[in-house]
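In: with the input below, show me the fold.
(one chain, ligands or ions: 3)
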Amino acid sequence: MDPSYSAYEDEVSRKKESAARGVVELELPAGVRVRGLLQSGYQSVLTREALEFVADLERRFRPRVKYVLACRREEQARYDAGELPGFDPATKAIREGDWVCSAPPPAIADRRVEITGPVERKMIINALNCGAKMFMADFEDSLAPTWDNLMRGQINLRDAVNRTISFEDKARNKLYKLNPKTATLLVRPRGWHLQEAHIEIDGEPATGALVDFGLYFFHNHVNFRSKHGGFGPFFYLPKMQHSREAAVWNSVFDQAEDVTGVPRGSIRGTVLIETLPAVFQMHEILYELQEHSAGLNCGRWDYIFSFIKTVRAHPDRLLPDRVQVGMKQHFLKSYTELLIQTCHRRGVHAMGGMAAQIPIRDDPAANEAASALVRADKLREVKAGHDGTWAAHPGLISLVVEVFDSNMPHANQLDVKREDVQVMEDDLLQMPKGKRTLEGLRLNTRVGIQYLAAWMTGTGSVPLYNLMEDAATAEISRVQNWQWIKYGAVLDGGLVPGVRVTKELFARVLDEEMVCIEREVGPAKFAVGRYREAAKLFAKQCTSEILDDFLTLDAYRNIVQFAPTARM
Ligand SMILES: CC(=O)SCCNC(=O)CCNC(=O)[C@H](O)C(C)(C)COP(=O)(O)OP(=O)(O)OC[C@H]1O[C@@H](n2cnc3c(N)ncnc32)[C@H](O)[C@@H]1OP(=O)(O)O
Ligand SMILES: O=CC(=O)O
Ligand SMILES: [Mg+2]
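Out: Numbers count the residues shown, from 1 in each chain. Ligands and ions are numbered 1, 2, ... in the order given. Coordinates of the predicted model:
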């Protein structure tokens, strides 16, 4: 017998045996290693062709991703040496030039209310059905990137695009299915800084963003485009700091379109302006993405986090309590208005951001107060000229739709040019006003630990003290504590003004807040949750000599789980 035929027969019988034992096997392209445990269904996402597509993106763009991350470190070193971010004289001609981005495709011309949420099956169905125009399905701030969350997220999105998605809640005897009319899907891959340890390409962990984008695009572009007038898929692009990072995304989009024969400019990405350096690069970012751009969004929570992180070596820039850093603060008002002016000059959407309040079921008065805050925030956004905004919960959609419907008679406000806006570097760097309090330190600590504990058990967004908390909001708690401890901030408000924040004070606060958390969540949940591990990690992060770039980079090692697979 032909020896190669016999090897083929062996292979077939081995696969049959594996299938009979319920073991999932993948056909891997050369150089690709999948290290996560394969649950049923994952092989339909991790096909050989899809992995080849991802591996090709990785091989082409990994060096550029590394380069842009190295540039971030170099720029941070300059800020640490005393500089502050500002507009780049080298790109003045781009800022002042008369150019526009491609017009928004009809499918996203009106995006007045966008619900957001992690790529969890039931939530995807609820979000698509909730009456919002768009749904931003999130692999980023609101998702803990466990292997299972990521793989199931891809399966869920594929089923959502195919409209075959359903979910049975057996305990409540409830079947979830899509309504005839649903929101349009936008997908947010992870930021450039996160790796995907469960997929190795040529011996190195893959880039998380390229895995999320690549698998989703590969499996869905045909169906998605057939349902959206030949445009899409649509994306949100997070946490960038410079236009060179947008240029990488633009090349990724070009490459994806070329390989699959999708016409140039079909893919559209909305960039979150959620880092301080990026606010000085808004024209440049739109310029790089031009035909792939769907505008910019005010990612306020990461923006506040980035504000603190960027000035981490400036002891004169200590922020007041997190709760006091609201959108009326001059630096945030300036950022949103400049974003609107920039987008509308370039013919693309200027999206608002997320109010953190969520419905409060058991307290009507508190619920009314929370709704009033959301209403005021959305009213500010629509009156300022935003073309749409975000909502964190289906229970807020009718309120937010009502605010936008009453104040935005057309599909968008691209005609509101905001030429009155005059924002200078100083406006964007102005320190927020307010007080630093012990209560603020305590709240940061309680929130940070509970969020981390949830994240390490696979949940990336949680309700805490009636607010939505996700990776971006938790980061503010971490870096604010770090900043106050590092520079021995003197508390200037609250119950005990005049007290200096030290490592010793923080250690005491942490112990006391752990007792408080145990009381609040109950001993049973406290015992099985990862609160002690979370507290240890949070304490390390808040007291380190040098500030870590991202909390999730350190926490990631706690959620990586390799399966025993064939070695390469
Ligand atoms: C800074 C940023 O990046 S903001 C964007 C990223 N963050 C997010 O997207 C957060 C999205 N929101 C959420 O994750 C959730 O609303 C939370 C965690 C804040 C609150 O969740 P819960 O306490 O479970 O909400 P609650 O119990 O009130 O939910 C009621 C129902 O609404 C659903 N729901 C709540 N939020 C969402 C959402 N964003 N999308 C879809 N469905 C949702 C729940 O699944 C639940 O459904 P069910 O009644 O069919 O069982
Ligand atoms: O991603 C949004 C933010 O506010 O951060
Ligand atoms: Mg964010």
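In: could you report the neighbour count for Arg59?
Out: When neighbours are counted by other Cβ atoms under 10 Å, Arg59 registers 12. C-beta coordinates here come from the backbone N, C-alpha and C atoms, glycine included.
In: isn't it up against Asp202?
Out: Yes. The pair Arg59 / Asp202 is scored as a contact, 7.1 Å apart, by Cβ atoms under 8 Å.
In: how far away is Ala103 from ligand 1?
Out: Between Ala103 and ligand 1 the computed distance is 27 Å (Cβ to the nearest ligand atom, to the nearest Å).
In: the residue nearest to that residue when sequence neighbours are not counted: what secondary structure?
Out: Nearest residue to Ala103, sequence neighbours excluded (Cβ to Cβ, 6 or more residues apart in numbering): Gly347, at 6.3 Å. On the three-state scheme (DSSP: H, G, I helix; E, B strand; the rest coil), Gly347 is labelled coil.
In: for Gly347, give me its contacts.
Out: 100-101, 103, 414 (Cβ atoms under 8 Å, 6 or more residues apart in numbering).
In: give me the buried positions along the helix or strand that contains Glu368.
Out: Glu368 belongs to helix 364-384 when elements are defined using DSSP states H and E. When burial is assessed from 16 or more other Cβ atoms under 10 Å, helix 364-384 yields the following buried residues: 367, 370-371, 374-375, 377-378, 380-382, 384.
In: and what of stretch 49-58?
Out: Neighbour count says stretch 49-58 has 50-58 buried, by 16+ other Cβ under 10 Å.
In: tell me which strands and helices the strand or helix carrying Glu74 is in contact with?
Out: Here Glu74, judged by DSSP H and E, is contained in helix 48-80. If contacts are counted by 3 or more Cβ pairs under 8 Å, 6 or more residues apart in numbering; DSSP states H and E, helix 48-80 sits against strand 32-34, strand 195-201, strand 204-207, helix 208-227, helix 243-260.
In: got the buried residues for the next helix or strand after the shortest one?
Out: In the C-terminal direction, the helix or strand that comes right after strand 32-34 (DSSP H and E) is helix 42-45. Within helix 42-45, the residues that count as buried by 16+ other Cβ under 10 Å are 42-43, 45.
In: quick one: the closest residue to Phe280 other than its chain neighbours from ligand 2, how far?
Out: Nearest residue to Phe280 in three dimensions, chain neighbours excluded: Phe87, at 5.0 Å (Cβ to Cβ, 6+ apart). Separation of Phe87 from ligand 2 (Cβ to the nearest ligand atom) stands at 23 Å.
In: show me the contacts for Phe87.
Out: Shown in contact with Phe87 (Cβ under 8 Å, 6+ apart): 95, 280, 425.
In: pull out the buried residues from those.
Out: Buried among these by 16+ other Cβ under 10 Å: 95, 280.
In: restricted to helices, list the contacts of Phe87.
Out: Among the contacts of Phe87, the residues falling in helices (DSSP state H) are 95, 425.
In: got the contacts of Phe87 as CSV, with distance to ligand 3 and pLDDT columns?
Out: As requested, those are exported to CSV (distance: Cβ to the ion, whole Å; pLDDT from 0 to 100):
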residue, distance to ligand 3, pLDDT
Arg95, 24, 98
Phe280, 18, 98
Glu425, 23, 98
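In: sec struct for Gly232, please.
Out: coil.
In: what is the burial count for Arg508?
Out: 11.
In: I'd like the numbering to begin with 487 instead of 1 from here.
Out: Sure, I'll start counting at 487 from here, so that last one is Arg994.
In: in what helix or strand does it lie?
Out: Assigned by DSSP H and E, Arg994 falls in helix 989-1007.
In: buried stuff in whatever helix or strand comes next after that helix?
Out: Next helix or strand after helix 989-1007 toward the C-terminus (DSSP H and E): helix 1009-1014. Across helix 1009-1014, burial judged by 16+ other Cβ under 10 Å covers Phe1012.
In: same question for stretch 873-893.
Out: 873-880, 882-883, 885-887, 889-890.
In: now Gly781: how far from ligand 3?
Out: Gly781 is 16 Å from ligand 3, where distance means Cβ to the ion, to the nearest Å.
In: contacting residues for that residue?
Out: By Cβ under 8 Å, 6+ apart, the neighbours of Gly781 are 587, 590, 756-757, 772, 829, 834-837, 873.
In: let me know the secondary structure of it.
Out: strand.
In: just the pLDDT for it.
Out: Predicted confidence (pLDDT) at Gly781: the value is 98.
In: what does the helix holding Glu854 rub up against?
Out: The contact list for helix 850-870, computed with Cβ under 8 Å, 6+ apart, reads 813, 822-823, 826, 838-839, 841, 843-847, 875, 877, 882, 885-886, 889-890, 893-894, 899, 904, 952.
In: likewise for stretch 526-535?
Out: Outside stretch 526-535, the residues touching it (Cβ under 8 Å, 6+ apart) are 508, 510-515, 520, 522, 524, 637-638, 640-641, 644, 701, 704-705.
In: can you select the buried ones from the residues you listed in ChimeraX?
Out: Buried members of the contacts of stretch 526-535, identified by 16+ other Cβ under 10 Å, are gathered into one ChimeraX selection as follows:
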select :512,514,515,520,522,524,637,638,640,641,644,701,704,705
